[in-house]
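Trainee: can't give you the sequence, but here's the structure:
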């Protein structure tokens, strides 16, 4: 009898654990956000952050997968709010949305230019500190305000966050002009001395002229010096940086060779090695050696009759790539942004020297000399050997 | 007899490995990162000889009295009064450290996966498993380690394997860039963690073939050292210098792991795996405290002590620290300075006096 009483009391006590359900969060009540944007307003000397959330509307997504909705129906909503701090801005969003804010699915973080120029520390502190946002989220920077980018329409995906995420994730494997960076790497590059951060730039463009709506593209890099935005790189220079970094996975280059015609080259393997030389006068020289191998994928009028032609094509490619790397390096020197991490190489080579110069490193970086050597190999010419050249004459 | 069960050498290895490692992967990175973020893994190298020395001293003492626990033979060596004082100091040290551990484990849950749950509830939940294990005695803890060890170690190793593509070895260079002084300062708490191996002395007679566990105790330290080198190096290679500012890099790391774009967000598994490791740590600490108090007070059963002891451990842990930052600060700035003298000094003192008085078992 006693044992039974105890057992039943215990079972009744288990009911108490059900009160744990009071803070439950059902999926249909969540405002699932997959992209956020941050801007800044200056009002009377005080900084006001503007915060945007791209909130998914899953019900509409579900219907559109059956193909019953028209393309005009939007499956996401951009909500904005402001606050003196980012947290305040997030809380202010809750007054506008009848759902629970849910940032844990954030894949993309878009930072406006004004934020990057002045308040990056505050923003990064919030993003890394807050439990919801993962370090794997991707960082993008916009020229101008983030709101402009968030007003654009996705070209092929159903919602904006997925579109931007795809632009970087799939773009970086196909073109050396596109690069993405995670929040973790971005934060680490900003706080490590001797290395500066970069972030890809999102721009509004018009992919489909018929529809006449704004779409997005990734265009070049934003360069940082410490925690401040200092300059921009265009598409070509981005390729130069990625080649020198060894981070380029695939990319193409079209070159005109003397007056024979032009070829297009697609590399799909790249290796890079950067080393620094320090001479007696403590002048720093960086040697960049890049090795590429890939295919000749297009030959516009350039004859491919013998080995010499291939050799000539390779030398011309080498010169073009070297020129690109030099131009990118020069551009980064102008904004004193050591994106290749030359400072870290100096630190690894000569710690004592680095301890003396690390204070004035950004200045010294702009005087670093470089030697670039690119070795590109054409290992295949696709499924055709000779150039297509009109009527076949034996 | 207070304890009927026996554990074997393998179980001792499993238990003590996680007793040292479980909070070491949570807390130590934050402490070492303050002094030597880039050379953190070198602290693990310093750990192996220093903690190995503590383990060896502890084994020597244990082997002199293979049939008694440290609480019993300190009476024998130093006399009933002084011996009791030494025992009380030891128990208080275990108690203090144990209360930090309870606070830390509950705190880790509240920072990571259960942020909305009150700390008190977390502490109760965390205490249940160790309380049950201690109630059933040392043998149950040992046997549970037989199958849990592989599970925990497998899970945690898996996460490091998944993260290999993210490892950036250049983050570790230049070596010794943080300065030897900083590396040594960082290794103080690390060595203190390794010194927890002296807990073995409290249940030494209940290990089978305990005259031969000397090498085993050294291999525990070696295994923990290797684990520490891998963990610390991994944190630096993944997060770079930024690891200095991360609270619980372990949690960040488990959130960061991903295969392709489809296997992601494995953090709950990792938090649970780590809790299972901590279950050994909490069980051993609780067991040692209740057993020693029972021996000190000549009780014939330690079981009625379990609930009060766990309650007091939690209460002390709860009221000693307002936040996790205080726990970390305490383990960095205060804890090693009284722990290391106790871990090395008391066993050494007992050995010297015992030799002097000609006590102890000789081969």
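Mentor: The structure has been received and is ready for your questions. As the structure is a prediction and not an experimental result, all values here were calculated from the model.
Trainee: Only C-alpha atoms from now on, for both contacts and neighbour counts.
Mentor: Noted.
Trainee: tell me the secondary structure for residue 299?
Mentor: Since no chain was named, I'll use chain A. Classification of residue A:299 by DSSP: H, G, I helix; E, B strand; the rest coil places it in strand.
Trainee: wrong one, I was asking about chain B
Mentor: coil.
Trainee: Can you report how many residues lie near it?
Mentor: 13 (other CA atoms under 10 Å in any protein chain shown).
Trainee: what does residue A:277 give?
Mentor: Neighbours around residue A:277, by other CA under 10 Å: 15.
Trainee: ok, it to chain B distance?
Mentor: As for residue A:277, its distance to chain B is 16 Å (criterion: CA to the nearest CA, to the nearest Å).
Trainee: ok, that residue touching residue A:342?
Mentor: No - counting by CA atoms under 8 Å, residue A:277 sits too far from residue A:342 to count as a contact (10.6 Å).
Trainee: what residues are shared contacts of these two?
Mentor: Counting by CA atoms under 8 Å, 6 or more residues apart in numbering or on different chains, the shared contacts of residue A:277 and residue A:342 are residue A:286.
Trainee: check contacts around residue 175.
Mentor: All of this is about chain A. A:248, A:249, A:250, A:251, A:252 are the contacts of residue A:175 under CA under 8 Å, 6+ apart.
Trainee: looking at chain B here, not the other one
Mentor: B:38, B:39.
Trainee: What mean pLDDT does the helix or strand where residue B:101 lies get?
Mentor: Using DSSP states H and E, the element containing residue B:101 is helix B:80-111. The average pLDDT for helix B:80-111 rounds to 92.
Trainee: which other helices and strands contact the helix or strand following it?
Mentor: Later in the chain than helix B:80-111, the nearest helix or strand by DSSP H and E is helix B:119-136. Secondary-structure packing of helix B:119-136 (3 or more CA pairs under 8 Å, 6 or more residues apart in numbering or on different chains; DSSP states H and E): helix B:80-111, helix B:138-162, helix B:267-296, helix B:306-320.
Trainee: Let me know which of those is the nearest to chain A.
Mentor: Smallest distance to chain A across the helices and strands packed on helix B:119-136 (CA to the nearest CA): 8.4 Å, for helix B:80-111.
Trainee: relative to helix B:119-136, how tilted is the closest one?
Mentor: Using axes from the mean of the first three to the mean of the last three CA atoms, to 10 degrees, the direction of helix B:80-111 lies 130 degrees away from that of helix B:119-136.
Trainee: any idea how far residue B:225 lies from chain A?
Mentor: Distance of residue B:225 to chain A, given as CA to the nearest CA: 26 Å.
Trainee: do the same with residue B:25
Mentor: Applying CA to the nearest CA to residue B:25 and chain A gives a distance of 19 Å.
Trainee: and that residue, how many neighbours?
Mentor: Residues contacting residue B:25 under the criterion other CA under 10 Å number 19.
Trainee: Counting neighbours, what do you get for the residue nearest to it when sequence neighbours are not counted?
Mentor: Nearest in space to residue B:25, with sequence neighbours left out and distances taken as CA to CA, 6 or more residues apart in numbering or on different chains, is residue B:250 at 6.7 Å. Using other CA under 10 Å, residue B:250 is surrounded by 23 other residues.
Trainee: For chain B, what's the nearest residue on chain A?
Mentor: Chain B sits closest to residue A:348 of chain A, with a gap of 4.7 Å, by CA to the nearest CA.
Trainee: quick one: that residue and residue B:171 touch, right?
Mentor: No - with contact defined as CA under 8 Å, residue A:348 does not reach residue B:171; the gap is 10.1 Å.
Trainee: what residues does the stretch 51-200 of chain B put near chain A?
Mentor: Those residues of the stretch 51-200 of chain B that sit near chain A, judged by CA under 8 Å from any CA of the partner chain, are B:112, B:173, B:174, B:177.
Trainee: Please tell me I have it right and the first one contacts residue B:251.
Mentor: Which is residue B:112. Yes - here residue B:112 reaches residue B:251: they are 7.1 Å apart, a contact under CA under 8 Å.
Trainee: which of these two has more neighbours?
Mentor: residue B:251 (22 against 16).
Trainee: Could you tell me which of the contacts of residue A:175 belong to strands?
Mentor: Judged by DSSP state E, strands contain the following of those: A:251, A:252.
Trainee: Top of the contacts of residue A:175 by number of neighbours, please.
Mentor: Most surrounded of the contacts of residue A:175: other CA under 10 Å gives residue A:248, at 28 neighbours.
Trainee: need the contact list for that residue.
Mentor: By CA under 8 Å, 6+ apart, the contact list for residue A:248 reads A:172, A:173, A:175, A:176, A:239, A:242, A:269, A:270.
Trainee: What separates the first and last residues of stretch A:346-362, distance-wise?
Mentor: Stretch A:346-362 has its terminal residues 13 Å apart, counting by CA to CA, to the nearest Å.
Trainee: Give the buried residues for it.
Mentor: A:346, A:347, A:348, A:349, A:351, A:354, A:357, A:358, A:361, A:362 (16 or more other CA atoms under 10 Å in any protein chain shown).
Trainee: same thing with stretch B:183-202?
Mentor: B:183-202.
Trainee: List the contacts of the residue in the stretch 1-150 of chain B positioned nearest to chain A.
Mentor: Nearest to chain A in the stretch 1-150 of chain B, going by CA to the nearest CA, is residue B:112, at a distance of 7.8 Å. Residues near residue B:112 by CA under 8 Å, 6+ apart: A:131, B:251.
Trainee: Tell me the secondary structure of whatever residue of the stretch 51-200 of chain B ends up closest to chain A, please.
Mentor: Proximity to chain A, evaluated over the stretch 51-200 of chain B using CA to the nearest CA, is greatest for residue B:174 at 4.7 Å. Secondary structure, three-state DSSP: residue B:174 is coil.
Trainee: Confirm for me that it is in contact with residue A:348.
Mentor: Yes - if you go by CA under 8 Å, residue B:174 and residue A:348 touch, sitting 4.7 Å apart.
Trainee: which parts of chain A sit against chain B?
Mentor: Checking chain A against chain B by CA under 8 Å from any CA, the hits are A:131, A:134-136, A:184-185, A:187-188, A:191-192, A:347-349, A:351.
Trainee: Could you rerun that using 10 Å?
Mentor: Residues of chain A lying near chain B by CA under 10 Å from any CA of the partner chain: A:20, A:23, A:128-129, A:131, A:134-137, A:169, A:184-185, A:187-193, A:344-352.
Trainee: Now the buried members of these.
Mentor: The neighbour count (16+ other CA under 10 Å) marks A:128, A:131, A:134-137, A:169, A:184-185, A:187-193, A:344-349, A:351 as buried among these.
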